[in-house]
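Asks: this is a predicted model, with the sequence first.
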Amino acid sequence: MDSVSNRKMAARLARQLYSLEISIKELQTQYPKNTQDQDIDRLFDLIEHEPKVGGLFGASKAKHKAHLDTIFELIKELEK
């Protein structure tokens with residue numbers, strides 16, 4: 001796959017994950033690998049390290065929202 005196709009695939013899979021169309025396992029198996037694209041790698045890392053909200057070690061709602069905002073900004077960038 002070319003770079004543009006990998007970027008669009010990564011964005012599509014992330015959107016599907018957040019719209020509950022696919023599971024995290026499906027994202028992990030289908031996600032483009034070894035692309036040498038920092039944005040694709042960063043998106044995967046942000047998704048995998050999304051903090052849980054609340055609880056003893058969880059993030060505040062504001063911090064979680066900021067994390068999700070970063071994810072969706074990156075998805076938009078990959079869709080260009």
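Replies: Sure thing, it's come through. Only a predicted model underlies this, so the values are computations on that prediction, with no experimental measurement involved.

Asks: ok, Gln30 to Lys65 distance?
Replies: When distance is defined by C-beta to C-beta, to the nearest Å, Gln30 is 27 Å away from Lys65. Where you see a C-beta, it was placed from the backbone N, CA and C, and this is true even at glycine.

Asks: Asp45 now?
Replies: 18 Å.

Asks: now Lys61, nearest residue through space, not along the chain?
Replies: Spatial nearest neighbour of Lys61, chain neighbours left out: Val53 (5.9 Å); criterion: C-beta to C-beta, 6 or more residues apart in numbering.

Asks: that neighbour reaches Ala59, doesn't it?
Replies: Yes: counting by C-beta atoms under 8 Å, Val53 touches Ala59, with 6.0 Å between them.

Asks: where is the longest helix in this protein?
Replies: The longest helix of the chain (DSSP state H) is helix 61-79.

Asks: tell me what it is packed against?
Replies: Judged by 3 or more C-beta pairs under 8 Å, 6 or more residues apart in numbering; DSSP states H and E, the packing partners of helix 61-79 are helix 3-18, helix 38-48.

Asks: and the angle for that helix with helix 38-48?
Replies: With axes from the mean of the first three to the mean of the last three C-alpha atoms, to 10 degrees defining the directions, helix 61-79 sits at 150 degrees from helix 38-48.

Asks: ok, now which ones touch Thr70?
Replies: Leu46 (C-beta atoms under 8 Å, 6 or more residues apart in numbering).
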